Structures are given as structure tokens and as C-alpha cells.
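Peer 1: Need coordinates for the following:
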Amino acid sequence: MKVKLVTPDTIHANAWCDVLRIEPAFEVTSLVHPLAEVRVVINGSRPDLVLVETTSPQDFEALEALTNAHPEIDCVLVAKELTPAFLLQAMRIGVREVLPASTTPEAVLAALRRQHRKRTPNAAQLATRNGEVLALVSSKGGGGATFIAANLAHILAAGGKRQVALIDMNLQFGDAALFVSSQTPVSNVADVARNISRLDNDLLRSSMSEVTPGLWVLAAPDDPALATDVTPQHVRQIVDLAREMFDFVVIDVGRSLSSTTLQALDLADRVYAVLQMTLPFIRDGKRLHNVFRSLDYPSHKIEWIVNRYHKGDQFTIDDLKKTLEIDHVILLPNQYGAVAAAVNQGIPVERIAPNSMIAKSLRELAESIAPPSLNRARSGWLSGLFRGAPAIGGLT
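Peer 2: Residues are numbered from 1 along each chain as shown. Have a look, this model is predicted:
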């Protein structure tokens, strides 16, 4: 791999060259000048990776120009400023990794080795997945679709046994990440859309936060105005790539239907429509049912979830089935205390209240999507003898 170092610091240049030449895979050259004063690509000869130390705004502008002109070149940046805003700006222009100015030569070597491994993946990395895409949409605001999407994604990840993506396509007011983590998202859907020309596995993965083992979240933008930066084509490219990278892709579609959210629904293998047993939800559920019919979605693609279900509701499940012309629904029990505690702390409900009825019902839903192995199923049946009665939930 051809590596070019660009730094105005002679001591850094010498130290980095010495340590990088330990690695046989690296062919190292250096330029001891500010980036703004040199040409990285000369007569069509370009490096595979550039290690750049920036010391001025002009250097950063030159780096942005380089990444725009040559997106095929990987860039590792060494800089004094490591604020979240600066790191986000670096990611947006295509920088692969940022190191502090005080970094050791050994740390530089480790960083470049990481980039080299990404450029030369092993056989296991080359094998692409064919993940299943699940979209959750609420028939009315406040239905609980985001809670279900986030917690279902967490359970599907099975503590890291599966790789699951949670993508928040509620682009104006999405907060799915907050339901499973208190971390500040490293990036969002709008950022990825603005860098769609260089979208690859590394960019998508670096734009997501691994909030629990195996669960990666791509958040919605903080600024509702940025929703217009995302087009249906962006959604298709992001979801298609995520399908190759993850076992399951869970999309929180939100409440409003637009060209972008309809694209997400079109791409989904299964759509879970969420409602509650009140007249406004049922009325809007009927409207949503008509939308699905107008889109020619096959009946097996759509599943209906009644959230916060209580047996004493005024409307019955039979009333709902008749209104929506469906054969079955999935029931999730009304357990406000456990749900509120989980949401307020940004912790999946399975962790904060694993024995609650809502956690058990969500596990049943996850197992209907990804059935456990036979041995595990037998173990669960035996242990169920000692746990007592099952939770309220499942198909009706």
C-alpha cells in the first residue's frame, strides 16, 4: 500500500517514516510541508493512503479539496483540535480516522494498519449478508412504534450473536437512539446522505454507534430542516448497503408518509404497523391499511401490532380484525411503569425489567422473526415449567 505523509513538522515526519517502514506492506514517502503548499497527486500518481497533519484552516481546506477530488484515497488526520464538532466535520469530508497531535509513532502505525486491513479484507469480511429489513410505522403519533423498533432491534442482536442495524427514518423528530442508549450519536442519516458519493461499508459503520453488543444505530438528524437533504435514492442506497452488512435492518419509519418513508416501506421485507385500541388509532389504522392496499403490498408483508393492549378495552380484537379486514394481530401488553423506566433511562426494557410482561412479549416477537435453535427452544420450554404462566402477548 502506497502511503504518503504530509506534515510541516520534521521530527514527526522522521519518526513516522521510521516506524511505518517496519510494516512490509507500506511503501512510504513524505512531504515536510503544510498540506496547503503541496500537491499530493502528481502526474496521475496517487497514494492509497495519506497521513496528514493539519496546523491551519488552510490545511483543512486543502484536505477537503483532496478528498472531494480523490475519494478513492483514504485519509488519516493528525490534529490538535479534537472537539466533537471538529471530528464531525472531519468525518463529513471523508477522513477515516483522527489522531491527536501528541500521538506516538506506534499509535500512528496501529492506525494505518487498521486502514490497511479494511482495504484488504479477509474472506469472512468479503462474505456479504442478505439481511432482512423490518420497518415499523405508527398509524398515529404516540403509538409506541419507536419504542418497539428500538427494543426489538436490541433483542434481535442477542447480545452480539447477530449484527443488527437500527435506522431512524423519522427524519424531522426521530429519537430512536435515546430509547436504547444515552450516547450522543456520532453522525446521522443526513450526514450520510451528504456523503453518498463515497458511501461504503466503512463510512456507514463509522456513522453508526454500537449502543449494545451487535446493535448499531444510525440516528435521525438533530435539525428537522436537514430532513430535506435525504432523498428516496439516498434511502435506497443506505438500506441496500445495510442489508449486506447486517443480519437485520430495523427501520423506524415514523408517523408521516413521504417519498423517503415510502421508499423505506417499499424496501422492507416486513412492515409492522402499530396502533392502539382507541377510535382515533383504529380510524387512522384503516387509512393506513388503504395506503398499503394502494401500494399493492401483499398481505403477508404487513403485520399489525396492538400496543398497550388491555383486555378491558372498549373495542375488542374481533372489532379491529373486522375493521382492518385482517386475520390476526400481535398484542403487546400495557405496562406503563416498565416502559417509562426504560425510556427515561435510555436502557432497553429487557435489561431494566427482564421479567416484565412487555419484555417477554417483545422476546416472543423477536423469536417469531428469528426463531431460536431447536436446543435453545427445548431449554426454554423446560425452564418455562418453573417460571410460571407466559406473558400476555403473541398472535391473536
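Peer 1: Worst mean pLDDT across the helices and strands of this protein, which element?
Peer 2: Sorting the helices and strands of the chain by mean pLDDT, DSSP states H and E puts helix 374-387 at the bottom, at a mean of 43.
Peer 1: List phi and psi for the nearest residue in space to Pro84 that is not next to it in sequence.
Peer 2: Leaving aside its sequence neighbours, Pro84 sits nearest to Thr184 (Cβ to Cβ, 6 or more residues apart in numbering; 7.4 Å). Placement of C-beta: from N, CA and C, glycine included. Backbone torsions of Thr184, given as degrees, to the nearest 10, read phi -80, psi 130.
Peer 1: how near is Thr184 to Leu203?
Peer 2: Thr184 sits 19 Å away from Leu203, taking Cβ to Cβ, to the nearest Å as the criterion.
Peer 1: picking that back up, let me see the confidence value for the residue nearest to Pro84.
Peer 2: Per-residue confidence (pLDDT) for Thr184: 85.
Peer 1: can you offset everything so residue one is 6?
Peer 2: That works, and once the first residue is 6, the last one we named lands at Thr189.
Peer 1: what's around it, how many residues?
Peer 2: Number of residues near Thr189 (other Cβ atoms under 10 Å) recorded here: 10.
Peer 1: helix/strand/coil for the residue nearest to Thr72 when sequence neighbours are not counted?
Peer 2: Among residues not flanking Thr72 along the chain, Gly99 sits closest, at 4.0 Å (Cβ to Cβ, 6+ apart). Following DSSP: H, G, I helix; E, B strand; the rest coil, Gly99 is assigned to coil.
Peer 1: Neighbours of Phe178, how many?
Peer 2: 14.
Peer 1: One more: Arg356?
Peer 2: Using other Cβ under 10 Å, Arg356 has 14 other residues around it.
Peer 1: same deal with Gly317?
Peer 2: So Gly317, with other Cβ under 10 Å, has 6 neighbours.
Peer 1: my hunch is that it is in a helix, does that hold up?
Peer 2: No. Gly317 is assigned coil when assessed by three-state DSSP, not a helix.
Peer 1: What does the pLDDT read for it?
Peer 2: pLDDT recorded at Gly317 is 78.
Peer 1: re the thing from before, measure the residue nearest to Pro89 to Leu93 for me?
Peer 2: Distance of Thr189 to Leu93, computed by Cβ to Cβ: 10 Å.
Peer 1: mind showing which ranges of this protein have poor pLDDT?
Peer 2: Across the chain, the ranges flagged by pLDDT under 70 are 48-49, 125-133, 378-401.
Peer 1: ok, which stretches of it are strands?
Peer 2: Using DSSP state E, the strands of the chain run over 7-11, 32-36, 54-58, 79-84, 102-105, 137-143, 169-173, 214-217, 220-223, 253-259, 275-280, 307-314, 335-338, 399-400.
Peer 1: Can you add mean neighbour count and distance to Val197 and give those strands back as a markdown table?
Peer 2: A markdown table is the format used below for those (neighbours: other Cβ atoms under 10 Å; distance: least, Cβ to Cβ, whole Å):
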| stretch | mean neighbour count | distance to Val197 |
| --- | --- | --- |
| strand 7-11 | 23 | 27 |
| strand 32-36 | 16 | 32 |
| strand 54-58 | 23 | 22 |
| strand 79-84 | 23 | 18 |
| strand 102-105 | 16 | 18 |
| strand 137-143 | 25 | 17 |
| strand 169-173 | 29 | 10 |
| strand 214-217 | 19 | 13 |
| strand 220-223 | 27 | 7 |
| strand 253-259 | 29 | 14 |
| strand 275-280 | 23 | 23 |
| strand 307-314 | 22 | 28 |
| strand 335-338 | 23 | 31 |
| strand 399-400 | 14 | 36 |
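Peer 1: The residue nearest to Pro89 and Ala90 touch, don't they?
Peer 2: No. Thr189 is beyond contact range of Ala90, at 11.8 Å (criterion: Cβ atoms under 8 Å).
Peer 1: can you list contacts of stretch 305-323?
Peer 2: Stretch 305-323 has contacts (Cβ atoms under 8 Å, 6 or more residues apart in numbering) with 148-150, 153, 273-284, 287, 290, 297, 325, 329, 331, 333-339, 341, 370, 397, 401.
Peer 1: change it to 7 Å
Peer 2: Stretch 305-323 has contacts (Cβ atoms under 7 Å, 6 or more residues apart in numbering) with 148-149, 153, 275-282, 287, 297, 329, 331, 334-339, 401.
Peer 1: again with stretch 91-110
Peer 2: Against stretch 91-110 from outside (Cβ under 7 Å, 6+ apart): 20-21, 24, 68-69, 72, 76, 79-85, 87, 112-113, 116, 120, 192, 196, 199-200, 203, 207, 211.
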